[in-house]
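Student: Quick one, fold the following:
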Amino acid sequence: MSDKILWNNLKNGDSKALEQIYRTYFSELYSYGKRFSKDENNVEDCIQELFVELWNRREKLSETNAIKPYLLISLKRKIFHSVKKIRKSTDTELEESYFEAELSIDQILINSETDTEQKNKLKHAFSQLSDRQKEILYLKYYSEMDYDEISQIMDLNYQSARNLVSRAITKLSKHISLTLLIMLFVADKLKN
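Tutor: Numbering: from 1, shown residues only. Next up is the predicted model:
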């Protein structure tokens, strides 16, 4: 069933459509949400609130042909709002650019002395990226989103999204070999 039909079914009060959307996107929402908040309970609560709001406001939802970007944008906003509420202190403002990317390096590299060196190089290379660069690489290569969807989620125009990916890869390649960079992206594709 297409996203458009599924979304319209939700808007028309079909609880099974909401359930299908939840089952389809929960794990990806959870994974994405943990990049913005280490509090797993908070992430789960935000996802639950998001789906409750979808159901309660279903008749007022705008049209969409792509559910995943809509959900990711909504979840990101919810998490930022909830973390701001929790922090209450103006000294510890949460920036919307915060994005923590911990790559599944242990799943990519086998254990050996050489691999430890590669892990360290990879961690160092990723620490050199900005939060926006980490986020866009996550969306592009881990969530396998196209540039139109990424543009929508990150509030960028299409060309800016392409440029940001290009700059992030260029920056990574300055710190690690192209072979290791390719291995990182290919290994994650095989994992999924």
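Student: got a list of what the residue positioned nearest the centre of the chain touches?
Tutor: Nearest to the geometric centre of the chain sits residue 32, at 3.8 Å (Cα atoms, centre = their mean). Residue 32 makes contacts with 72, 75-76, 138, 143, as judged by Cβ atoms under 8 Å, 6 or more residues apart in numbering. Just so you know, the C-beta spots here come from the backbone N, C-alpha and C atoms, and that holds for glycine as well.
Student: Filter those down to the ones in helices?
Tutor: 72, 75-76 (DSSP state H).
Student: any chance of the residues you listed in JSON lines, with pLDDT too?
Tutor: Below are those laid out as JSON lines (pLDDT from 0 to 100):
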{"residue": "72", "pLDDT": "91"}
{"residue": "75", "pLDDT": "91"}
{"residue": "76", "pLDDT": "89"}
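Student: Can you lay out those as TSV showing neighbour count and distance to residue 52?
Tutor: Formatted as TSV, the ones in helices among the contacts of residue 32 follow (neighbours: other Cβ atoms under 10 Å; distance: Cβ to Cβ, whole Å):
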residue	neighbour count	distance to residue 52
72	23	17
75	22	13
76	21	17
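Student: returning to what we had before: what comes up buried for the strand or helix carrying the residue nearest to the centre of the chain?
Tutor: Assessed by DSSP states H and E, residue 32 sits inside helix 15-33. Neighbour counts over helix 15-33 (16 or more other Cβ atoms under 10 Å) mark 17-18, 20-22, 25, 29, 32-33 as buried.
Student: same question, stretch 121-131
Tutor: Neighbour-count burial for stretch 121-131 flags 122, 125-126, 129, 131 (criterion: 16+ other Cβ under 10 Å).
Student: Quick one: distance of stretch 1-18 to the chain centre.
Tutor: 23 Å (Cα atoms, centre = their mean, to the nearest Å).
Student: cool, stretch 19-33 as well?
Tutor: 11 Å.
Student: Then stretch 19-35?
Tutor: 10 Å.
Student: Repeat that for stretch 67-85.
Tutor: With Cα atoms, centre = their mean as the basis, stretch 67-85 stands 10 Å off its chain's centre.
Student: That'll do, ta.
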